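Quick one, structure for this:
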Amino acid sequence: MQILTVLASPARADLGGTVASDLGRTWDLGEPRWLADGIALEAELAEVPEDLAEVSADWRDRGYDLVVQPAGHRRKAILLADMDSTMIGQECIDELAAHAGVGERVAEITARAMNGELDFEQALAERVGLLTGLDSSAITAVLDERITLAPGGRELVATMRAHGAYAALVSGGFTQFTEEVAARLGFDEHRANTLEADGPRLTGKVVPPVVGREAKVAAVREISARLGLEPRDVIAVGDGANDLDMLHLAGTGVALHAKPSVAAQSRVRVDHGDLTALLYLQGYTAEEFVRV
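Model prediction:
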């Protein structure tokens, strides 16, 4: 048995009552169950439709996300999340670079790296190198003035933890940012690179080893094993090419507002919903959310 979940952006909340009947003319659906009025509903499907990709693309163009997944084992015991452009609305290195006056150059490299056009470690080294000599006080300034939490993140973490899940922030960014963001959102732990400093100034290097694509896969395996669980017990979320292997290994891997090449390679993609989509995909109703 499969479950179809249909999602609208909470900002629009315009998922109408006819959506189930509209889709019912395309697929043989069970009785629809509303998870949140105007935002999310689900219904049973006997099997994965052969025209899923085509129908999903059509609904995506209309502003809605369609996800089909196995009905069993949907609620996960572990949340693994990327940070930049996922749990926050920015790329921290781009914001640091803007503060340093090299924002345009660094943002260009970031965009290409996250779309899988450049090697992550090489792109990281090049971007960090452009920050050589920057006063580390810039990190505090960027955190205070430029970094915003992505919509739905607090509810996602709080709700899963309230139901016994473990939450880890795993980033190719920097511990100087993940420490603060993890605290703001209530994560149990965080992993990231560390910007090297000599006194008050950045050296233009990161402290090895680099946390990148392979480290995110290792986090799935290590954290689940430590908790006596398996990768199938993980729901992971990210947007960049360095997240792909993590998303493929996790029981549910969600490409959220992802770069085009990442979305195209992901089994589950959410282009319109916010981070609460991860809760709806697990079958949570809005009434079950922990509001913080």
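
Next, count neighbours for Leu4.
23 (other Cβ atoms under 10 Å). Bear in mind the C-beta positions are built from the backbone N, C-alpha and C, glycine included.

With Ala225 instead?
11.

right, and the secondary structure at it would be what?
Recorded secondary structure, Ala225: helix (DSSP: H, G, I helix; E, B strand; the rest coil).

measure Val102 to Thr110 for me?
Using Cβ to Cβ, to the nearest Å, Val102 is found at 12 Å from Thr110.

the more surrounded of those two?
Thr110 (22 against 16).

any idea which element Arg269 lies in?
Using DSSP states H and E, the element containing Arg269 is strand 268-270.

Kindly report the same for His73.
His73 belongs to no helix or strand when elements are defined using DSSP H and E.

how long is stretch 11-20 from one end to the other?
Stretch 11-20 has an end-to-end distance of 21 Å (Cα to Cα, to the nearest Å).

got the buried residues for it?
Across stretch 11-20, burial judged by 16 or more other Cβ atoms under 10 Å covers Leu15, Val19, Ala20.

ok now it, how far from the chain's centre?
Taking Cα atoms, centre = their mean, to the nearest Å, one finds stretch 11-20 lying 24 Å from the centre of the chain it belongs to.

Now do that stretch: everything it contacts.
Residues outside stretch 11-20 that contact it (Cβ atoms under 8 Å, 6 or more residues apart in numbering) are 6-8, 29, 32, 37-41, 43, 63-64, 151, 272, 274.

could you redo the last one with a cut-off of 10 Å?
For stretch 11-20, contacts defined as Cβ atoms under 10 Å, 6 or more residues apart in numbering pick out 4, 6-9, 22, 24, 29-34, 36-43, 59, 63-64, 66, 151, 272-274.

Any chance of a ChimeraX selection covering the buried ones in these?
One line in ChimeraX is enough to select the buried members of the contacts of stretch 11-20, burial here meaning 16+ other Cβ under 10 Å:
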select :4,6,7,8,9,29,30,32,36,39,40,41,42,43,59,64,66,151,272,273,274
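
how distant is the strand holding Arg269 from the center of its chain?
10 Å.

What is it packed up against?
If you count contacts as 3 or more Cβ pairs under 10 Å, 6 or more residues apart in numbering; DSSP states H and E, strand 268-270 packs onto strand 2-8, helix 52-61, strand 64-70, strand 234-238, strand 252-256, helix 260-264, helix 277-281.
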